[in-house]
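Asker: Predicted structure and sequence below. I'll ask about it afterward.
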Amino acid sequence: RLVFAVGDVTDPTAAASEANRLITREGVRILTGTYSSTLCGAASEAAARQGAIYWETSCVDPRFAKRNLPNVFRTEIDGTGFGWYNVEFVAKHLAPRLGKKPNELRVVFLSEDSSYGQGVTESARNRARDELGMQELAVEYYAFASTNDFTPVILKFKQLNPDVVFHVARGNDAVLFWRQSREQNLLFKALVHAGATGYGSPDFGKALGAEGNGPFALLEPGPGFRLEALRPEGRRIERDFREAVRKRTGSYPLGGHQLAGAGLWMLKLVLDRAGTDELAAFRTAVLGLDLPVGSLINGWGARFAPTGQNANERVQHYMLQWQDGQLVTVWPEEFSTQRAKWIPLGPWDQRK
């Protein structure tokens with residue numbers, strides 16, 4: 001029988017404190033969360049010290065699964081996987097549509113400077129440059145909390161004339177860069193982001209509407225996702241999950257719902273196998289999971305490494321694009337009824 005206790009925090013210090021409280025005062029044996037890469041490290045370390053199981057469903061900090069903590073697990077892809085997928089999309093989908101080979105693409109990297117932004121960006125840089133020979137023109141990091149003007153970066157990018165902008169944004173910085181690029185007529189052929197922040201947040205569409213047409217964000221599946229592409233068991237649980245969220249919220253599942261839903265369903269499967277929250281049996285059950293892509297919510301699969309990290313190749317992700325105020329699934333095309341538009345982006349006033 002599961003009994004839920006809930007905590008809510010906003011910074012790493014509070015995350016560690018609340019994890020300790022839940023374990024020592026509420027008697028919690030399994031902690032799950034946290035949605036944010038700024039919180040997961042502190043919360044999971046507190047759980048490890050207390051001997052509780054920590055089950056992360058969202059944070060993608062690349063350092064998370066490299067600490068050799070036997071009671072810490074993550075169901076979501078890590079930041080290096082985000083970078084890998086972004087470059088895969090650019091090489092396999094964008095390059096042919098732009099009439100170029102991957103090594104002919106001129107690319108720039110722009111990112112907020114958190115561990116998340118740096119992890120995704122450096123992974124993408126390494127693969128783009130070393131494996132595919134893309135022409136790296138510039139790398140720019142900025143402080144999210146204090147940046148209120150991208151003009152110097154935009155002027156630099158105008159001189160460089162890139163084909164693709166890789167931009168990992170955190171929040172309103174995505175709106176600001178896009179808006180100032182339009183105002184200053186910075187032209188590029190595509191912009192690619194990863195994660196549920198910045199261009200992956202509903203706030204981008206609310207702020208810009210159709211003026212935000214074009215950028216891509218690597219996320220969980222959105223409208224246009226083909227359930228028929230999943231395995232039968234994945235199709236069933238995805239339908240049930242969507243219906244449950246729709247009844248509760250009145251909307252299609254958002255990214256937070258999808259991450260938590262997929263992660264907690266995997267937790268259920270582990271507990272069913274283990275029959276206990278005792279660490280040795282629980283860990284054996286985790287490492288025994290071997291589910292192919294298409295078996296779970298979001299079309300995910302599962303195969304955990306001894307580090308506690310679910311295999312990046314089993315955590316299928318999707319490229320969504322802003323089209324008329326909505327993020328729609330456009331890639332991989334076998335998973336989608338929608339298709340990418342505005343490749344290349346073209347003049348700002350012609351993206352309708």
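Answerer: All right, it came through fine.
Asker: buried ones in the helix or strand where Q258 lies?
Answerer: For Q258, the host element (DSSP states H and E) is helix 255-274. Residues of helix 255-274 classed as buried: 255, 257-263, 265-267, 269-270, 274 (neighbour count, 16 or more other C-beta atoms under 10 Å). Quick note: C-beta positions are derived from backbone N, CA and C, even for glycine.
Asker: For those residues, name the two members farthest from one another.
Answerer: Greatest spacing in the buried residues of helix 255-274, by C-beta to C-beta: G255 and A274 (28.5 Å).
Asker: Show me what the helix holding Q258 is packed against.
Answerer: Helix 255-274 sits against strand 30-33, strand 53-56, helix 232-249, helix 279-287, with contacts defined as 3 or more C-beta pairs under 8 Å, 6 or more residues apart in numbering; DSSP states H and E.
Asker: List the contacts of the third one.
Answerer: Spelled out, it's helix 232-249. Residues from elsewhere that reach helix 232-249 (C-beta atoms under 8 Å, 6 or more residues apart in numbering): 227-228, 230, 251-253, 257, 261, 265, 294-299.
Asker: what's the lowest-pLDDT member of these?
Answerer: Within the set of the contacts of helix 232-249, pLDDT is lowest for Y252 (83).
Asker: residues in contact with stretch 341-352?
Answerer: Outside stretch 341-352, the residues that touch it by C-beta under 8 Å, 6+ apart are 94, 97-98, 163, 182, 185, 187-191, 210, 213-214, 321, 323.
Asker: go with 10 Å
Answerer: Residues from elsewhere that reach stretch 341-352 (C-beta atoms under 10 Å, 6 or more residues apart in numbering): 93-94, 96-99, 163-165, 178, 181-183, 185-191, 210-216, 321-324, 328, 330.
Asker: Can I get the buried ones among those residues as something I can paste into PyMOL?
Answerer: Selection of buried members from these for PyMOL, criterion 16+ other C-beta under 10 Å:
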select buried, resi 93+94+98+163+164+165+178+181+182+186+188+189+190+191+211+212+213+214+215+216+321+322+323+328+330
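Asker: among the contacts of stretch 341-352, which are in helices?
Answerer: Among those, the members found in helices (DSSP state H) are P96, R97, W178, S181, R182, E183.
Asker: Would you format the buried residues of helix 255-274 as JSON lines with distance to R127 included?
Answerer: Putting those into JSON lines (distance: C-beta to C-beta, whole Å) gives the following:
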{"residue": "G255", "distance to R127": "24"}
{"residue": "H257", "distance to R127": "30"}
{"residue": "Q258", "distance to R127": "25"}
{"residue": "L259", "distance to R127": "24"}
{"residue": "A260", "distance to R127": "29"}
{"residue": "G261", "distance to R127": "29"}
{"residue": "A262", "distance to R127": "25"}
{"residue": "G263", "distance to R127": "26"}
{"residue": "W265", "distance to R127": "30"}
{"residue": "M266", "distance to R127": "27"}
{"residue": "L267", "distance to R127": "31"}
{"residue": "L269", "distance to R127": "31"}
{"residue": "V270", "distance to R127": "31"}
{"residue": "A274", "distance to R127": "36"}
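Asker: if we take those residues, which one ends up nearest to D203?
Answerer: Among these, and counting by C-beta to C-beta, the member closest to D203 is G255, at 12.1 Å.
Asker: so who does the closest one touch?
Answerer: Contacts of G255 were listed using C-beta under 10 Å, 6+ apart, and they are 35, 58, 195-197, 200-202, 217, 219-222, 298, 320, 327.
Asker: which of these are buried?
Answerer: 35, 58, 195-197, 200-201, 217, 219-222, 298, 320, 327.
Asker: just those residues now: which is nearest Y142?
Answerer: Using C-beta to C-beta, T197 comes nearest to Y142 of those, at 14.3 Å.
Asker: My understanding was that C59 contacts G33; is that so?
Answerer: Yes - between C59 and G33 there is a contact at 8.2 Å, judged by C-beta atoms under 10 Å.
Asker: shared neighbours, those two?
Answerer: L39, C40, A43, S44.
Asker: Take these and lay them out in JSON lines including distance to E243.
Answerer: Conversion of those to JSON lines gives the following (distance: C-beta to C-beta, whole Å):
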{"residue": "L39", "distance to E243": "30"}
{"residue": "C40", "distance to E243": "30"}
{"residue": "A43", "distance to E243": "31"}
{"residue": "S44", "distance to E243": "32"}
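Asker: So which of these sit within helices?
Answerer: C40, A43, S44.
Asker: what about the residue nearest to Q180 when sequence neighbours are not counted, distance to V108?
Answerer: Leaving aside its chain neighbours, Q180 sits nearest to F150 (5.1 Å; criterion: C-beta to C-beta, 6 or more residues apart in numbering). Plainly put, F150 is 12 Å away from V108 if you go by C-beta to C-beta, to the nearest Å.
Asker: Among the buried ones among the contacts of G255, which ones are in strands?
Answerer: A217, L219, L320, L327 (DSSP state E).
Asker: what's the spacing between the nearest residue to the third one once chain neighbours are set aside and T32?
Answerer: Put plainly, it is L320. Spatial nearest neighbour of L320, chain neighbours left out: L327 (4.3 Å); criterion: C-beta to C-beta, 6+ apart. For L327, the distance to T32 (C-beta to C-beta) stands at 26 Å.
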